[in-house]
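>>> Output the structure for:
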Amino acid sequence: MTDDVSGVCYPKGDLRRMLAVLGAIEQLPQPTLTSISIALGFGPKGGHTVARLIEQARTQACVGISKSRFCFHIDSWGPFLQRDGAVMAWFGRRNAIAEVLEET
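Alright, predicted model coming up:
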């Protein structure tokens with residue numbers, strides 16, 4: 001099963017789903033569970049999926065994510081991820097990794 005994320009289908013278990021959630025936290029003016037879920041095409045009841053992907057980013061990628069009232073904020077990208085790659089996943093850029101490698 002796949003979910004439509006910013007016009008690009010990312011299957012369950014695909015790293016880009018987590019990156020798209022992080023990109024949404026960076027780009028949305030008020031990144032709540034519901035607003036992120038709707039923006040990524042998970043629907044208004046997809047908050048559980050978003051919460052799971054946020055927890056995955058915290059535990060597996062060491063991303064520092066805080067929550068103020070209902071909105072999320074990225075405090076630290078950790079040692080493994082870069083902000084630009086997550087934003088590209090948010091915008092649905094399939095060749096995000098190749099473009100980042102070309103710039104470095």
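
>>> Leaving out chain neighbours, which residue sits closest to the residue nearest the centre of the chain?
Residue closest to the mean C-alpha point of the chain, counted by C-alpha atoms, centre = their mean, is V21 at 1.8 Å. Closest residue to V21 apart from its sequence neighbours, by C-beta to C-beta, 6 or more residues apart in numbering: L53 at 4.5 Å. C-beta: built from backbone N, CA, C; applies to glycine.

>>> picking that back up, which ones are touching the residue nearest to the centre of the chain?
Residues near V21 by C-beta atoms under 8 Å, 6 or more residues apart in numbering: I36, L40, V50, L53, I54, A57.

>>> Swap in 10 Å and give it another go.
Neighbour list for V21: 5, 31, 36-37, 39-40, 42, 49-54, 56-57, 65, 72, 86, 89-90 [criterion: C-beta atoms under 10 Å, 6 or more residues apart in numbering].

>>> Quick check: it vs K67, distance?
14 Å (C-beta to C-beta, to the nearest Å).

>>> any common contacting residues for those two?
Here V21 and K67 have P31, I54 as joint contacts, going by C-beta under 10 Å, 6+ apart.

>>> Distance from the chain centre to stretch 37-45, please.
12 Å (C-alpha atoms, centre = their mean, to the nearest Å).
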